[in-house]
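Chemist: Here is a sequence with its predicted model. Questions after.
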Amino acid sequence: IKVIMVSSSVHSLLATEEELSSYRALKVVAASVYTSTPLQLTACNDVTKLTPTCATFVLQQPQQEVLLGGSANTILRALATFAPAKCLLGSSLVEAAQVDGWTSYLWNSLEVPLQAISGVETTAAEMLQADIESALFKLNAHLLYKTYLVGKTITIADISLLCVLIGAAYTEDKLKEDYPHLSRWYDTLLHQPFVSVARQVQISPSKFYNPLHGDGAVALNGAAPPVVPKLYKRHRIRMKELFAAHHAYVHTVVTVAGWVRTVRNANKGQLLFIELNDGSTPTSLQCLLEVPTIPNFDECKACGGAGASFQITGTVVPSAGKQQAIEILAISAVLLGPVYGGVDDTIGGMHYPLSKKTHTLEYMRENAHLRARTKLHSAAMRIRHAMAYATHKFFHDHGFLYIHTPIITGADCEGAGEQFAVTTMLTSDPHTVGVTLPVHKAPEVVAVEDGATSSSKKKKNKPKKTATTTAEEDVKIPGAVDYSSDFFSKRANLTVSGQLNVETHCCALSDVYTFGPTFRAENSHTSRHLAEFWMIEPEIAFATLEDDMNLAEDYLKYCVQYALENCAEDLEFFDEVCPFGEKGLRKRLQCVLAEPFKRLDYTEGIEILQKAVQDGVKFQEKPVWGMDLPSEFERYLCEKVFEKPVILMNYPKDIKAFYMKLNDDGKTVAAADILVPKIGEIIGGSQREHRRDVLMQRCTEMGLDPKAVWWYLDLRKYGTIPHAGFGLGFERLMLFVTGLDNIRDVIPFPRWPGNADF
């Protein structure tokens, strides 16, 4: 992989000492860090003489005599052009115009009054303060449904506003009471890693930023092109975008489409209120239909209620209600699909499975084909998408390659034997009777002259197997199923892990990961187990257990941060509204980011648990060294003892897999599990055993025939390297982020013993 910096040479920012310490310079430094552009801050008292524009700041580009002079905002725009993939100027022409508009507004309505207020008389100061408060009020209203000022990513408008507020000594608490939405935005931006790095650079003695020595960020060779509409274009606006920029759409005509949450009549049946939701956001949109305007009013009124689908065109108007900022005054309405839930499948909502009343989670699982329309499941699926995207972004931005590992395999990574068999010997018709499976026959025995017995088949002279023989020995046990006539000519199973396969590519491509479905034929009905689930399994080359733990902690924190910043509404729903959610969810997630995880040796953990028993703590099991810790022990350590995630490491070798590196003590292996509150173990990883002789010995100790993993041993034979990796169950991550209790509620179609419907 060829890895380069976005800008490989150092730029210089020239200004006076005072300006280099100002919030205006912080704008430039923040943009430099965000775009991974090396930057040197250089003091220059005569900066105004360097360019014809008599600028406050001058940006000197590397190996060029041309100097760019101007205000901080001018330099900010220039830096944004160095990394177009970052979309600091917006991801479209429309967004670029919005960014420019907001930047100008912030300068005129906020920066200028803030700069002027300190040197004017009381009356003028009061007027300027009123202007400042008016600007903050407008920003607060704009951010009601938005994460950032423009679009879905940070732009120079966000950077500019953040630095202005920092320069004016605003704090989150100072903003929270009067401007709660602005306060949320401020907290989101303030805790971005690039902001912390920028502030450190500005106060450092060297005043120098180098991406390779700053936050460690590198950019892959080549930038992804922006996604712009070419042929495909929606004939409607998604409600998420409508709410996000609702001020811009007021008094304009839009088309929306979705499914009915509620319908109610008013004004003696002459007015119809339809609460519509398209799944893009938890917030529903109220649409008002009036008799004189809508020709098919009666048809819409008799739609069947909740569940019906509509496409509505109308004017966006401010809402008179307190629960929403806008609503649609319909011009036309098309009933796309009524609900046939009445008597004898007539239109009506009597038998619609998901009526307005609250349903149990078990009931919703029984109607899994419709439960995505519920607030709970739709919120879970939006967060699931966000966590999947965050996973790919995290590893891609770290230079990992995504490897597709096989679902059908002949290997048992975990060695537990709880695998689903894949076979074609049962016929495709489930009603076929009398199906028999071929089995290995016992060898025919015949008598010989001396009274001994011998096989009727003559022994053939077989070549001796050499050390390079790779074929797995064909063991034929009389009465066992003979798979030679099966599709793969051998026993095949659904995979329980892609780890062994992805290691092969780690030993050639360095850092890789796999993210796909895995299967476990474990007869478990607990709230933490599924028969089909998704696993994320990275492998890092030339790495130790320490590297593996660092990567795992960074990854988990990134996912949590991504959820807090991009799934705010859905997390609020699970935290404050959903009866099946978790009160205090967001606070728990924020605590994950607050400080480093506790790292603890397995032996120390056992000693802490034993001490707890002595102090009167009741457990279902007795803590003993050498045991595989049950969930109650894992949760006790991270919830009661340390009150934060714990990385437990160096486990006894007898309770861990054969591929984990044996420690020097000969009793433990270089394994590490991350334990988190509410869940227990969420990540399990280890340094892999790269010594071939030790790995073969471990196979024998664990009852695994080395011939069954000959290809895995070959990786240690031909250019072995130290490497490490971990596995994370994606659904457990979902439980951790959503606060839900049952793993069956965070996957679209859960599979467990006795259930494979839909």
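Modeler: Yep, it's here. If you're wondering where the values come from, they're calculated on a predicted model, not measured in any experiment.
Chemist: For the rest of this, base every contact and every neighbour count on C-alpha atoms.
Modeler: OK.
Chemist: next helix or strand past the least confident helix or strand in the chain by mean pLDDT?
Modeler: Least confident helix or strand, the chain: strand 3-4 with a mean of 30, by mean pLDDT, DSSP states H and E. Next helix or strand after strand 3-4 toward the C-terminus (DSSP states H and E): strand 11-15.
Chemist: Summarise which helices and strands the following helix or strand past that following strand is packed against.
Modeler: Later in the chain than strand 11-15, the nearest helix or strand by DSSP H and E is helix 17-20. Using 3 or more C-alpha pairs under 8 Å, 6 or more residues apart in numbering; DSSP states H and E, the elements in contact with helix 17-20 are strand 39-43.
Chemist: Can you pull out the residues in contact with the strand it packs on?
Modeler: Contacts to strand 39-43, defined as C-alpha atoms under 8 Å, 6 or more residues apart in numbering, come from residues 10-17, 20, 29, 32, 207-210.
Chemist: Mind checking the pLDDT average for the helix or strand that that strand is followed by?
Modeler: Note on strand 39-43: by DSSP H and E, the next helix or strand toward the C-terminus is strand 57-60. Throughout strand 57-60, pLDDT has a mean value of 82.
Chemist: Please identify the pairing partners of the helix or strand following strand 57-60 and their relative orientation?
Modeler: Using DSSP H and E, the next helix or strand after strand 57-60 towards the C-terminus is strand 67-70. Strand 67-70 has the following strand partners under DSSP bridges: strand 57-60 (antiparallel).
Chemist: so I166 makes contact with A25?
Modeler: No: using C-alpha atoms under 8 Å as the test, I166 is too far from A25 to be in contact (11.9 Å).
Chemist: now the helices: where do they sit in the stretch 551-700 of the chain?
Modeler: 568-572, 585-594, 602-614, 631-635, 692-701 (DSSP state H, counting those that start in this stretch).
Chemist: re earlier: quick one: which of I166 and A25 has more around it?
Modeler: A25 (26 against 16; other C-alpha atoms under 10 Å).
Chemist: my guess is that one meets N73, correct?
Modeler: No: if you go by C-alpha under 8 Å, A25 and N73 don't touch, sitting 9.7 Å apart.
Chemist: quick one, what contacts the closest residue in space to L143 that isn't next to it in sequence?
Modeler: Take L143 and drop its neighbours on the chain: the residue closest to it by C-alpha to C-alpha, 6 or more residues apart in numbering is H181, 5.7 Å away. Contacts of H181 were listed using C-alpha under 8 Å, 6+ apart, and they are N140, A141, L143, L144.
Chemist: one more time with 10 Å, if that's ok
Modeler: Contact analysis of H181 by C-alpha atoms under 10 Å, 6 or more residues apart in numbering lists F137, L139, N140, A141, H142, L143, L144, Y145, K146, T147, L175, D187.
Chemist: now swap in Y148 and tell me
Modeler: Counted by C-alpha under 10 Å, 6+ apart, Y148 has contacts 142, 154-155, 157-158, 182, 185-186, 188-189, 244, 565-566.
Chemist: Helix, strand or coil: sort out it for me.
Modeler: Assigned by DSSP: H, G, I helix; E, B strand; the rest coil, the conformation of Y148 is coil.
Chemist: low-scoring stretches of the protein, by residue?
Modeler: Scanning the chain with the threshold set as pLDDT under 70 gives 1-9, 47-55, 62-66, 172, 211-229, 412-417, 445-474.
Chemist: What distance do you get for I407 to V28?
Modeler: The gap separating I407 from V28 is 49 Å, by C-alpha to C-alpha, to the nearest Å.
Chemist: okay, these two: which has more neighbours?
Modeler: Per other C-alpha under 10 Å, whichever of I407 and V28 has more neighbours is V28, with 31 against 15.
Chemist: Would you check that that one makes contact with S21?
Modeler: No: V28 lies out of contact with S21 (C-alpha atoms under 10 Å); the separation is 11.4 Å.
Chemist: of the contacts of H181, closest to G279?
Modeler: Using C-alpha to C-alpha, the shortest approach to G279 within these belongs to Y145, at 15.3 Å.
Chemist: The closest one touches R184, doesn't it?
Modeler: No: when contacts are counted by C-alpha under 10 Å, Y145 is not listed as touching R184 (11.1 Å).
Chemist: Now do I477 against F488, distance only.
Modeler: According to C-alpha to C-alpha, I477 stands 19 Å off from F488.
Chemist: end to end, how far does stretch 675-691 reach?
Modeler: 29 Å.
Chemist: Repeat that for stretch 512-530.
Modeler: End-to-end distance for stretch 512-530: 26 Å, by C-alpha to C-alpha.
Chemist: Buried residues, that stretch. List them.
Modeler: For stretch 512-530, a neighbour-count test (16 or more other C-alpha atoms under 10 Å) marks 512-522, 529-530 as buried.
Chemist: of the residues you listed, closest to T262?
Modeler: Nearest to T262 out of these is L530 (C-alpha to C-alpha; 34.2 Å).
Chemist: Quick check: that closest one is in a helix.
Modeler: No: per three-state DSSP, L530 lies outside any helix segment and is coil.
Chemist: How far does stretch 25-36 sit from its chain's centre?
Modeler: Centre-to-centre, stretch 25-36 and its host chain are 26 Å apart (C-alpha atoms, centre = their mean, to the nearest Å).
Chemist: typo on my end, stretch 125-139
Modeler: For stretch 125-139 - counting by C-alpha atoms, centre = their mean - the centre lies 38 Å from the chain centre.
Chemist: Return the set of buried residues in it.
Modeler: Buried-residue list, stretch 125-139, by 16+ other C-alpha under 10 Å: A125, L128, Q129, D131, I132, E133, A135, L136, F137, L139.
Chemist: follow-up on the earlier one: so where does the residue nearest to L143 fall, helix or strand?
Modeler: Residue-wise, H181 maps onto helix 180-190 under DSSP H and E.
Chemist: export that helix as PDB, just CAs?
Modeler: Provided in PDB are the C-alpha atoms of helix 180-190 (Å, rounded to 0.1, in the frame of the first residue of the first chain):
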ATOM      1  CA  PRO A 180     -29.100  24.000  24.100                       C
ATOM      2  CA  HIS A 181     -28.800  23.000  20.500                       C
ATOM      3  CA  LEU A 182     -25.800  25.200  20.000                       C
ATOM      4  CA  SER A 183     -24.300  23.800  23.200                       C
ATOM      5  CA  ARG A 184     -24.700  20.300  21.900                       C
ATOM      6  CA  TRP A 185     -23.000  21.300  18.600                       C
ATOM      7  CA  TYR A 186     -20.200  23.100  20.600                       C
ATOM      8  CA  ASP A 187     -19.600  20.000  22.700                       C
ATOM      9  CA  THR A 188     -19.400  17.800  19.600                       C
ATOM     10  CA  LEU A 189     -16.900  20.000  17.900                       C
ATOM     11  CA  LEU A 190     -14.800  20.800  21.000                       C
END
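Chemist: Residues in contact with the helix or strand following that helix: which ones?
Modeler: Sequence-wise, the next helix or strand downstream of helix 180-190 (DSSP H and E) is helix 193-203. Helix 193-203 has contacts (C-alpha under 10 Å, 6+ apart) with 20-23, 25-36, 39-41, 159, 162-163, 189-190, 204, 207-210, 214-215.
Chemist: any chance of the contacts of H181 in TSV, with secondary structure and distance to V676 too?
Modeler: Shown next, in TSV, are those (DSSP: H, G, I helix; E, B strand; the rest coil; distance: C-alpha to C-alpha, whole Å):
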residue	secondary structure	distance to V676
F137	helix	39
L139	helix	37
N140	helix	35
A141	helix	37
H142	helix	36
L143	coil	33
L144	coil	32
Y145	coil	31
K146	coil	30
T147	coil	27
L175	helix	32
D187	helix	24
